[in-house]
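> can't give you the sequence, but here's the structure:
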Ligand code: DGP
């Protein structure tokens, strides 16, 4: 039923896009259309184009996640190692001896910060956690709260961990997304 309505009404097209990446609908749509993320949602006349863009970007995200998953077990360094080593630039918002927090290169909300352990120690994804990781996992959550306060979103923010290919994880170094600065939607896509 839902699939049928998606193809017949512009509102349903929007619903479709929300279902694809609901945790960041406006930012996601406008980002994919190359617009400012605070711009209005697409007009009715743009809905066909919107659907094509959304379908293409969803495919891209899933393809990226699949490619990343294929090499996840290799233990190879990721782009985050280069960010930790400051070999490539990032906008750092918080740092201590265990955790680095920096702005996501493709923000899905006005505030979108990634938190990573400086030492991966087998934590390619949350699903690899063992009891010895309890301290760093707890610290990451605590730092999420610190970052939310520093960014002024302490009254409403979301912490997301994409785990594995089906969740569209694209970098196999555990990371928390801290998102906020706009009204979040639920359920996530
Ligand atoms: P995930 O899909 O959960 O694996 O999220 C990975 C995030 O990493 C994604 O939102 C984009 C971000 N990202 C990837 N490469 C870079 C980079 O070089 N710099 C920054 N700042 N973020 C990156």
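On my side now, so go ahead. What you see is a predicted model, and the numbers here were worked out from it, not measured in a lab. Numbering: from 1, shown residues only.
> what parts of the chain come near the ligand?
By the rule Cβ under 6 Å from any ligand atom, the part of the chain lying against the ligand is 79, 90, 102-106, 114, 162, 168-171. Using the backbone N, CA and C atoms, a C-beta is placed for each residue, glycine as well.
> quick one, helices of this protein?
Counting by DSSP state H, one finds helices in the chain at the ranges 2-6, 10-20, 25-32, 47-70, 79-84, 134-150.
> okay, now the unreliable bits of the protein?
Applying pLDDT under 70 to the predicted model, the residue ranges of the chain that meet it are 1-57.
> which strand in it has the most residues?
Among all segments of the chain classified by DSSP state E, the strand with the greatest residue count is strand 111-117.
> and the angle for that one with helix 134-150?
Interaxial angle, strand 111-117 versus helix 134-150 (axes from the mean of the first three to the mean of the last three Cα atoms, to 10 degrees): 160 degrees.
> partner strands of strand 111-117 and their direction?
strand 99-103 (antiparallel), strand 176-180 (antiparallel) (DSSP bridges).
> CSV for these, including mean neighbour count?
Supplementary listing: the strands paired with strand 111-117 in CSV, determined by neighbours: other Cβ atoms under 10 Å:
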stretch, mean neighbour count
strand 99-103, 20
strand 176-180, 23
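> distance to residue 188 for those - can I get that in TSV?
Conversion of the strands paired with strand 111-117 to TSV gives the following (distance: least, Cβ to Cβ, whole Å):
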stretch	distance to residue 188
strand 99-103	21
strand 176-180	10
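> need the max-distance pair from the residues of the chain next to the ligand.
Taking Cβ to Cβ, the two most distant members of these are 90 and 168; they sit 20.9 Å apart.
> how close does the closest residue to residue 113 other than its chain neighbours get to residue 85?
Counting by Cβ to Cβ, 6 or more residues apart in numbering, the nearest residue to residue 113 once its immediate chain neighbours are dropped is residue 178, at 4.5 Å. Here residue 178 is placed at a distance of 22 Å from residue 85 (Cβ to Cβ, to the nearest Å).
> likewise residue 71?
Between residue 71 and residue 85 the computed distance is 20 Å (Cβ to Cβ).
> and the end-to-end length of stretch 173-189?
Across its full length, stretch 173-189 reaches 22 Å end to end, with Cα to Cα, to the nearest Å as the criterion.
> now stretch 143-161
End-to-end distance for stretch 143-161: 14 Å, by Cα to Cα.
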